[in-house]
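Peer 1: 3D, please:
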Amino acid sequence: HPADPYGTPPYGRPGPWAPAPPVQRPTVPPPPPAQPHDPWAPPVQAARPTSVHGRRGLVGAVVAAAIVAGLVGGVAGAYIQRQDAGTGITLPQAPADHGGRAPGTVAGIAAATLPGVVYIHVKGNGEEGTGTGFVLDAQGHILTNNHVVAPAASSGDISVTFSGGATHKASIVGRDAGDDLAVIKVSGVSGLKPLTLGNSESVRVGDPVVAIGAPYDLEGTVTSGIISAKDRPITASGGAQGGGEVSYVNALQTDAPINPGNSGGPLMNAQAQVIGINSAIRSADNGSPDGAGSQGGSIGLGFAIPINQAKRVAEELINTGKAVHPVIGVTVDMRYVGDGARIADQGTNGAPAVTPGGPGANAGLKPGDIITQVDGEPVHTGAELIVRTRSHTPGDHIRLTVKSGDAAPRTVDLVLGGSTTG
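Peer 2: Okay, the predicted model is just below:
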């Protein structure tokens, strides 16, 4: 016979060429020999046949009991196996905590602040952008950065979205490019939640802070850090959105992560008070502070306009639509590369470099003088002189250290004047 390709039972099924097994037939015993019939014999009592039905019933009961026992044992075994396999385990878990958070925690500060923060969407002049702002009062005034709303300065569309999701149109009340601040307003909106303004004079290096905004359009983002420095002289350009206008800020520096879209948002202290307006970052891609045009991520160097300066400008914009800047009354030579801030030889369009009758002239300043300190703090560039001046208010007294040619440095007292812009 050919080889069986399917193997041999029980390891394979019988092949088509395997011989069939012989048929087993049961052996039938021969019948007993016939007995002669005795008609006079008593009738033979037939033996009672055994009840086949009773035997089958007994066997059936035993089989049924075995089946039930097997089923019960199988279920119990499967349950035990599942328990051993872990599919039925319930892990312990703490109950949900729907309570509030302590006021001084980041979560507590965020909960108190978010209802007063808005997210600003601007379209105009072929541009589109987003930023952040916060509610100043129940009349609907909102403070933000100038470079956020600048595209819609002449024409365009501004809308603000509140933390609850409601969106409303807004209009520009006033803006100040020099301080990079603007006030916009929503009308007919009830239930506004103005934020409490703190005092930036109370800020100390190392104080914890919380920044809130919409970095990269991610509204309601909360970050935290500390005040890492104060009185940072920052010049920042709004780039395309700000029209190239340069702002001068004596800023608070923070390591709380700030990114494009955070502009105009509040910087909060541990008492849930606004102490600054997030405005600029130093990004890793170009190394320059820029709160609008730069797309670099946070490297832990963010800058905020102190709230004391922002409060003064906001009040002026709301009340008059214009901001008044403190000035010395001189033209600064921005091309000077030496140390200090040099007064130019001539002003713009041939005007005098020292304004006749102005604060500088009254203090005895001359063209070519170099200012090296303001109130005892070093000044290394013309931009730093402007920043130090802008941190004051018109009418404030300041003390300047001045060098004239080869003469020894001298100290002069000066009363700041004011210049209206807007």
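Peer 1: low pLDDT regions in the stretch 301-422 of the chain?
Peer 2: Scanning the stretch 301-422 of the chain for pLDDT under 70 picks out 421-422.
Peer 1: so where do the strands sit in it?
Peer 2: With DSSP state E, counting those that start in this stretch applied, the stretch 301-422 of the chain shows strands at 302-306, 323-327, 341-342, 370-374, 377-378, 397-403, 410-415, 417-421, listed in chain order.
Peer 1: Now distance to Gly264 too, for those strands, in a markdown table please.
Peer 2: For glycine as for every other residue, the C-beta is placed from the backbone atoms N, C-alpha and C. Below are the strands of the stretch 301-422 of the chain laid out as a markdown table (distance: least, CB to CB, whole Å):
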| stretch | distance to Gly264 |
| --- | --- |
| strand 302-306 | 10 |
| strand 323-327 | 16 |
| strand 341-342 | 30 |
| strand 370-374 | 28 |
| strand 377-378 | 28 |
| strand 397-403 | 29 |
| strand 410-415 | 33 |
| strand 417-421 | 19 |
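Peer 1: now, of these, which is deepest in the fold?
Peer 2: strand 302-306 (a mean of 28; mean count of other CB atoms under 10 Å).
Peer 1: That one: partners in the sheet, and parallel or antiparallel?
Peer 2: Sheet pairing of strand 302-306 (DSSP bridges) gives strand 246-254 (antiparallel), strand 274-281 (antiparallel).
Peer 1: quick one on the thing from earlier: for Leu197, find the nearest of the strands of the stretch 301-422 of the chain.
Peer 2: Taking CB to CB, strand 302-306 is the member of the strands of the stretch 301-422 of the chain nearest to Leu197, at 11.0 Å.
Peer 1: Which residues outside that closest one are in contact with it?
Peer 2: With contact meaning CB atoms under 8 Å, 6 or more residues apart in numbering, strand 302-306 is reached by 179-181, 200, 203, 211, 232, 234, 236, 249-258, 262, 267, 275-282, 289, 291, 391.
Peer 1: and if we set it to 6 Å?
Peer 2: Identification of contacts with strand 302-306 by CB atoms under 6 Å, 6 or more residues apart in numbering yields 200, 234, 249, 251-254, 258, 267, 276-281.
Peer 1: can you check stretch 189-201 too?
Peer 2: Residues outside stretch 189-201 that contact it (CB under 6 Å, 6+ apart): 115-116, 134-138, 140, 168, 269, 273-275, 306-308, 311.
Peer 1: how about 8 Å then?
Peer 2: So stretch 189-201 is contacted by 113, 115-117, 134-138, 140, 166, 168, 252, 266, 269, 271-276, 306-309, 311 (CB under 8 Å, 6+ apart).
Peer 1: Tabulate the strands paired with strand 302-306 in CSV, adding columns for mean pLDDT and distance to Thr401.
Peer 2: Shown next, in CSV, are the strands paired with strand 302-306 (pLDDT from 0 to 100; distance: least, CB to CB, whole Å):
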stretch, mean pLDDT, distance to Thr401
strand 246-254, 90, 18
strand 274-281, 95, 28
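Peer 1: what's the most buried one of those?
Peer 2: The most buried stretch of the strands paired with strand 302-306, if neighbours are counted by mean count of other CB under 10 Å, is strand 274-281, with a mean of 30.
Peer 1: CA atoms of that strand as CSV?
Peer 2: The C-alpha coordinates for strand 274-281 follow below in CSV (Å, rounded to 0.1, in the frame of the first residue of the first chain):
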residue,chain,number,x,y,z
VAL,A,274,-2.8,92.2,38.7
ILE,A,275,0.8,93.4,39.0
GLY,A,276,1.8,93.5,35.3
ILE,A,277,0.7,93.2,31.7
ASN,A,278,2.5,90.4,29.8
SER,A,279,3.9,92.0,26.8
ALA,A,280,7.2,90.7,25.5
ILE,A,281,9.5,87.6,25.5
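Peer 1: one step back: please convert the strands paired with strand 302-306 to CSV, extending it with distance to Gln93.
Peer 2: As requested, those are exported to CSV (distance: least, CB to CB, whole Å):
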stretch, distance to Gln93
strand 246-254, 37
strand 274-281, 38
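Peer 1: and of the ones you listed, who's closest to Ser187?
Peer 2: Between Ser187 and those, the tightest spacing by CB to CB is seen for strand 274-281, at 22.9 Å.
Peer 1: can you tell me how far Val173 sits from His147?
Peer 2: To His147, Val173 is 16 Å away according to CB to CB, to the nearest Å.
Peer 1: ok, those two, which is more surrounded?
Peer 2: His147 (32 against 18; other CB atoms under 10 Å).
Peer 1: about what we covered before: going through the contacts of stretch 189-201, which ones are buried?
Peer 2: Buried subset of the contacts of stretch 189-201 (neighbour count, 16 or more other CB atoms under 10 Å): 113, 115-117, 134-136, 140, 252, 266, 269, 272-276, 306-309, 311.
Peer 1: who touches the closest residue in space to Ile386 that isn't next to it in sequence in this structure?
Peer 2: Counting by CB to CB, 6 or more residues apart in numbering, Ile386 lies nearest to Tyr248, which is 4.6 Å off, once chain neighbours are set aside. With contact taken as CB under 8 Å, 6+ apart, Tyr248 is in contact with 178-179, 233-235, 383, 386-387, 390.
Peer 1: One more: Ser391?
Peer 2: Shown in contact with Ser391 (CB under 8 Å, 6+ apart): 231, 250, 306, 309.
Peer 1: residues touching the most centrally placed residue in the chain, list them.
Peer 2: Against the mean C-alpha coordinate of the chain, by CA atoms, centre = their mean, the closest residue is Thr221 at 2.7 Å. Shown in contact with Thr221 (CB under 8 Å, 6+ apart): 212-215, 262.
Peer 1: For those, pick the one with the most neighbours.
Peer 2: Ranked by the number of neighbours (other CB under 10 Å), these place Asn262 first, at 31 neighbours.
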